[in-house]
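Chemist: okay, predicted coordinates and the sequence, questions at the end:
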Amino acid sequence: MKVPLTVPTKQKKKYTKNFAQLTYEDPYERIFIFAADQRLEHLYDDFHGPEVPVEATRPEHIFEISSKAPISALATHFGLISRYGMDFKDIPYIVKVNGKSNLIGTTDQDPISSTLFSLETIINSSQSINIVGLGYTIYLGSIYESSMLQEAAKVVQVAHENGLIATLWIYPRGNYINREKQQYLSAGATGVGLSLGADFVKIMPPPSFAELTLAVQNSGNTGVICAGGISQDSKQLLKTLDKQINAGARGCAIGRNIFQKTKRDAITFCQQIYNILYS
């Protein structure tokens, strides 16, 4: 494990402890994030439907899963954590500090996602609950890219200054993005994460595993983790995850494919993911 220069000497022990907790002290430094920020990002879209159990509509559902499943951390917005964290203090949390809804499509208007919460307040809350990291989403290629890059750099800096792990969600989106003509967007995104000093960068899986390998190479010693994406067959997702790990990815951030299950099935599925990452 390489401790970034942005981590002060007095915080290196805390940073090392948080990093070891997130990666289960795995020699490959792999990480399994339960990404549950959809209540803000997707509104109610992911919490109803013929295949979604009724219990998934309860906000407590993601916390109950997280308290029993072998995940590295639960990533969600600070407001939600502030409402339920006191009842689930031992869950490792990655606090998402920005976000936006999906009401305006990214092809209708270039997206911007600004910081929502006081970083100082979040840091102070880490004295009461197990906050191990901060997370921030960048929409690369948006006309508002510069603003988000500046905020993301600040989030990384504050995280490291307080011994926390910094994870960036980086998605190329906006009217200027043409995926057919820009084949190496994933590699570009991971290079941005590295340039901002992030410990991990979450990307949407590129079209091919060869392109994922390029993205991993361009990320240097910043770990690349793949988003789980839309709901899909669990067995197929596990097979895909195994191939992503073989291509060099250092983990995953999965949400709907976990919480759109009963608590029992979700915990079982998390154990299967854990087995792939850490076996």
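Modeler: Great, that's in hand. Numbering: from 1, shown residues only.
Chemist: helices of the stretch 151-279 of the chain, start to end?
Modeler: Here the stretch 151-279 of the chain has its helices, by DSSP state H, counting those that start in this stretch, at 185-195, 209-218, 234-246, 256-259, 263-278.
Chemist: kindly report the same for the stretch 1-150 of the chain.
Modeler: So, for the stretch 1-150 of the chain - with DSSP H, counting those that start in this stretch - the helices run 12-22, 38-41, 60-68, 78-84, 119-125, 145-161.
Chemist: just checking, what's the longest strand in the chain?
Modeler: strand 131-140 (DSSP state E).
Chemist: that one to helix 145-161, inter-axis angle?
Modeler: With axes from the mean of the first three to the mean of the last three C-alpha atoms, to 10 degrees applied, the angle from strand 131-140 to helix 145-161 works out at 160 degrees.
Chemist: packing partners of strand 131-140?
Modeler: Where contact means 3 or more C-beta pairs under 8 Å, 6 or more residues apart in numbering; DSSP states H and E, strand 131-140 is packed against helix 12-22, strand 73-77, strand 93-96, helix 119-125, helix 145-161, strand 165-172, helix 185-195. Where you see a C-beta, it was placed from the backbone N, CA and C, and this is true even at glycine.
Chemist: buried set for the first one?
Modeler: The neighbour-count check on helix 12-22 (16 or more other C-beta atoms under 10 Å) flags 14-15, 18-19, 21-22 as buried.
Chemist: do the same with stretch 203-210
Modeler: 203-206, 209.
Chemist: contacts for that stretch?
Modeler: The contact list for stretch 203-210 (C-beta atoms under 8 Å, 6 or more residues apart in numbering) reads 170-171, 185-186, 189-190, 212, 215, 224-227, 229, 240, 243-244, 246-247.
Chemist: and what of stretch 85-92?
Modeler: Under C-beta under 8 Å, 6+ apart, the answer for stretch 85-92 is 21-22, 63, 66-67, 71-74, 93, 125, 128-130, 132.
Chemist: so what's residue 176 up against?
Modeler: Neighbouring residues of residue 176 by C-beta under 8 Å, 6+ apart: 110, 141-143.
Chemist: residue 199 too?
Modeler: So residue 199 contacts 4, 19, 133, 165-167, 222-223 (C-beta under 8 Å, 6+ apart).
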